[in-house]
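A.B. asks: just a sequence and a predicted model for now, questions to come.
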Amino acid sequence: PRTPAAKPAPAPKPASTARPRPAAKPASTPPVDPKAPIRRANGQMYYPRTLGEHTDVQVLHMMRASGIYTLLEGPPGTGKTSLVEAAFPDLELIAGDGDTQVADLVGSYVIAEDGSYEWKDGPAVIAAQEGRPLFIDDATLIAPKVLAVIYPLMDGRREIVLKEHGGRKVKAADGFYVIAGHNPHVHGAVLTDALASRFTAPIQVSTDYELAEHLGVHKKAVQIARNLATQQRNGASGWAPQMRELLAFKAIATALGEDAAFGNMIGQAPPDDRDLVAAVVTKIIGRPVAQLALGKQAK
């Protein structure tokens with residue numbers, strides 16, 4: 001009988017030529033004065049807010065020490081990312097969206113300068129092996145089957161197997177901690193049972209209007225935001241300015257004047273809400289203001 005031809009050996013995966021990683025940053029510690037402003041990496045100041053008997057920054061540090069994963073829930077622009085960056089300057093960040101893939105979380109092979117392949121760890125793997133916090137912003141926009149790849153790091157196993165990297169196992173070091181951001185009003189955001197069950201400490205995050213005034217935002221702009229937020233809770237409006245929009249108002253008012261800033265606020269609203277926003281602006285400032293729009297040729 002004929003001897004069957006031997007099957008060709010599978011092509012080896014590209015060898016990892018990953019360069020040594022720099023030493024991990026020292027673990028972040030709670031501020032000495034929990035109420036003092038904290039300078040973020042981008043130079044902007046974060047002003048801690050009360051959360052029960054503590055500040056929000058203190059609570060996140062307590063949650064990390066206890067291994068309780070936290071879900072920050074709130075509209076875009078309310079300061080979720082600012083809070084996490086202020087609390088944990090050593091964090092790893094994933095900006096989630098509908099196009100986020102497994103490789104964006106755990107890593108993949110990339111082409112090196114010499115044309116060879118090398119493995120590059122993703123944020124989740126870096127945070128796990130170096131004991132850093134991991135912030136998954138807009139986690140509920142990531143496909144559930146993609147996000148599920150890091151669940152083994154978050155349960156009793158506390159490890160992940162990187163099949164694409166030769167079955168390498170990564171153990172979660174002490175200090176590894178996960179925070180997720182959830183924008184419930186963003187189209188496509190889905191808070192699955194599997195995700196909710198792992199983030200057992202949901203915290204609502206809303207705009208601090210008193211802080212907005214403290215930061216120099218015009219009182220009438222803050223009043224407009226409060227009015228629209230009330231209407232949003234009652235279902236009459238689908239949009240209300242948050243801290244991000246209020247700080248933008250301040251910047252535009254400084255650069256172009258208050259009427260331009262009020263007009264820009266109208267333009268920031270979704271099209272279906274602009275008439276209502278314009279009516280609220282007109283009522284509160286006592287004069288009609290139009291959305292910013294180009295006019296005739298300047299002469």
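C.D. replies: Good, I have the coordinates. None of these values were measured; they are calculated from a predicted model.
A.B. asks: roughly how far does the spatially most central residue of the chain sit from Q291?
C.D. replies: Central residue of the chain (CA atoms, centre = their mean): D137, 2.9 Å from the mean position. The spacing between D137 and Q291, counted by CB to CB, to the nearest Å, is 29 Å. Placement of C-beta: from N, CA and C, glycine included.
A.B. asks: sorry, back to before: enumerate every residue touching the residue nearest to the centre of the chain.
C.D. replies: Residues in contact with D137 (CB atoms under 8 Å, 6 or more residues apart in numbering) are K80, T81, L93, I94, A95, G96, A180, G181.
A.B. asks: next, format those residues as JSON lines and append secondary structure, pLDDT and distance to Q204.
C.D. replies: Listed next are the contacts of D137 as JSON lines, based on DSSP: H, G, I helix; E, B strand; the rest coil; pLDDT from 0 to 100; distance: CB to CB, whole Å:
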{"residue": "K80", "secondary structure": "helix", "pLDDT": "95", "distance to Q204": "10"}
{"residue": "T81", "secondary structure": "helix", "pLDDT": "95", "distance to Q204": "16"}
{"residue": "L93", "secondary structure": "strand", "pLDDT": "97", "distance to Q204": "21"}
{"residue": "I94", "secondary structure": "strand", "pLDDT": "97", "distance to Q204": "22"}
{"residue": "A95", "secondary structure": "strand", "pLDDT": "95", "distance to Q204": "21"}
{"residue": "G96", "secondary structure": "coil", "pLDDT": "95", "distance to Q204": "19"}
{"residue": "A180", "secondary structure": "strand", "pLDDT": "97", "distance to Q204": "14"}
{"residue": "G181", "secondary structure": "strand", "pLDDT": "97", "distance to Q204": "12"}
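A.B. asks: out of those, the closest to A124 would be?
C.D. replies: I94 (7.1 Å; CB to CB).
A.B. asks: can you give me the helices in this protein?
C.D. replies: 56-66, 80-87, 102-106, 123-130, 144-147, 151-154, 193-198, 209-214, 219-233, 243-256, 258-268, 274-285 (DSSP state H).
A.B. asks: list the contacts of P75.
C.D. replies: P75 neighbours (CB under 8 Å, 6+ apart): N183, P184, H185, S206, A240, Q242.
A.B. asks: isn't L228 right up against N234?
C.D. replies: No. L228 lies out of contact with N234 (CB atoms under 8 Å); the separation is 10.6 Å.
A.B. asks: between these two, which one's more packed in?
C.D. replies: The residue with more neighbours, out of L228 and N234, is L228; 23 against 8, by other CB atoms under 10 Å.
A.B. asks: from S82, how far out is the nearest residue to D273 once chain neighbours are set aside?
C.D. replies: Take D273 and drop its neighbours on the chain: the residue closest to it by CB to CB, 6 or more residues apart in numbering is W239, 4.5 Å away. To S82, W239 is 21 Å away according to CB to CB.
A.B. asks: correct me if wrong: P288 contacts T282.
C.D. replies: Yes. Shown here, P288 and T282 form a contact pair, counting by CB under 8 Å, at 4.9 Å.
A.B. asks: quick check: neighbours shared by those two?
C.D. replies: By CB under 8 Å, 6+ apart, no residue touches both P288 and T282.
A.B. asks: and the two? which has more neighbours close in?
C.D. replies: T282 (15 against 11).
A.B. asks: and the residue nearest to the centre of the chain, bridged to which residues?
C.D. replies: Bridge pairing for D137 (DSSP bridges) gives the partners A95.
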